[in-house]
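Participant: Have a look at this prediction, sequence included:
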Amino acid sequence: MPEIQAAVCTAFNEKLTIETLHLRDPGPDEIEVTLDAVAICHSDIHFAEGAWGGALPAVYGHEAAGRVTGLGARVTGLEPGTRVVVTLIKSCGTCQSCSTGRPALCEATGAAPTKLTRPDGTEVAAAMHCGAFAERVVVDRSQVVALPDALPPESVALLACGVITGIGAVVNAGRLRPGEDVVVIGAGGVGLNAIQGARIAGARRIVAVDMTEEKLETAKAFGATHGVLTTEGKPWRHALRALGRGADLVAVTVGATKAYDDAPRYLGWGGRMVMVGMPETGATASYEPVIPAFMGQHFIGSKMGDVVISRDIPWMADLYAQGRLKLDELVSGRWRLDQINEAIEDTRRGGARRNVIVFDAAA
Ligand SMILES: [Zn+2]
Ligand SMILES: [Zn+2]
């Protein structure tokens, strides 16, 4: 049973502490991955702040890349040393959602046996089926996708969450067709990927909505054709003026309830609102039901971009290798595991892009 260094949350809103933990061996359908990189996602921060509850102590981190170092007895199709992306999407393959092609909505919620323990035997939760703020993880086979060796781990790690969530929101959940007009509310880590997803899928015009000129400039580098500042007051009016009509698709990529209050106002006839950003539990938004009823609009929740990781991650990795998908540009900082609190603080200050913990292979 190997010992690993991990960043542990012992109380909400406190700094993470680096501890030595025991990681159990993989079960028959699990694999062990020694990590090269793990990105810090806003969901990790929301969990660490207690916004969504959950057991403590816990190890967060769910956007990771590494190499296979252990294989369960029933695992096929992977070799030790294979470069893999590790996601939080665990799927059973047989429930109604999995059987109908939506593994991100897997209905089998059973928890895996404890993976992490302190030297005194205390259980530590590996949150989101991952616990990837750690040198190594043990995850279910379904959570992992193999990728070519040559791709840099700190870039492909982003494919595990932010990229699939943003691109999948417009392509899978939103079913964007070429020629449609798109509004993306929020040009952060998920929003920039919704924007480049819309560009890749052939959107006619892409309006980015955010609070600063700087974020709108970044959005344009990722494919936005127009930018609207929320500080302008009734920002939907500016978007409708720019498009000359309501949008076919509005993706809400931030968790602010104000964004959810405003989002339907950007929609045109038959438009779809894709709901991606996750406000804290209990938060509510309001809208006028008569409008979607009269205008034939759709409100669509999108979990993890409705992704099928074995289909979508190799697709996106190829686009990246061909220069058609931006990943390197999303990495804003590289940090060591013992700097994780500084990296989290930097992300919390509103950095649109990803801070990545990089593990030194030689260490
Ligand atoms: Zn995430
Ligand atoms: Zn399932």
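Facilitator: Structure received. Numbering: from 1, shown residues only. Ligands and ions are numbered 1, 2, ... in the order given.
Participant: State the distance from residue 202 to residue 176.
Facilitator: 8 Å (Cβ to Cβ, to the nearest Å). In short, each C-beta sits where N, CA and C put it, glycine included.
Participant: what's the answer for residue 151, then?
Facilitator: To residue 176, residue 151 is 26 Å away according to Cβ to Cβ.
Participant: ok, now residue 343?
Facilitator: 33 Å.
Participant: Quick one: name the residues of this protein near ligand 1.
Facilitator: Contact residues, the chain versus ligand 1 (Cβ under 5 Å from the ion): 41, 43, 161.
Participant: Which of the residues you listed lies at the shortest distance from ligand 2?
Facilitator: residue 161 (19.1 Å; Cβ to the ion).
Participant: Enumerate every residue touching that closest one.
Facilitator: Contacts for residue 161 (Cβ atoms under 8 Å, 6 or more residues apart in numbering) come out as 39, 41, 43, 62-63, 87-88, 304.
Participant: and if we set it to 6 Å?
Facilitator: By Cβ atoms under 6 Å, 6 or more residues apart in numbering, residue 161 lies in contact with 41, 63.
Participant: Near residue 350, how many other residues are there?
Facilitator: The number of residues packed near residue 350 is 10, by other Cβ atoms under 10 Å.
Participant: go on, residue 290?
Facilitator: For residue 290, the count of nearby residues is 8 (other Cβ under 10 Å).
Participant: how close does it sit to ligand 2?
Facilitator: 37 Å (Cβ to the ion, to the nearest Å).
Participant: wait, residue 353 sits on residue 334?
Facilitator: No - using Cβ atoms under 6 Å, residue 353 is not in contact with residue 334, being 11.8 Å away.
Participant: if you count what's nearby, which of these two comes out ahead?
Facilitator: For residue 353 and residue 334, the more surrounded residue by other Cβ under 10 Å is residue 353, and the numbers stand at 18 against 13.
Participant: can you pull the contacts of the more buried one?
Facilitator: Residue 353 makes contact with 330, 332, according to Cβ under 6 Å, 6+ apart.
Participant: What distance do you get for it to ligand 2?
Facilitator: 32 Å.
Participant: got it, and residue 328?
Facilitator: Residue 328 is 34 Å from ligand 2, by Cβ to the ion.
Participant: got it, and residue 171?
Facilitator: Noted for residue 171: a distance of 22 Å to ligand 2, by Cβ to the ion.
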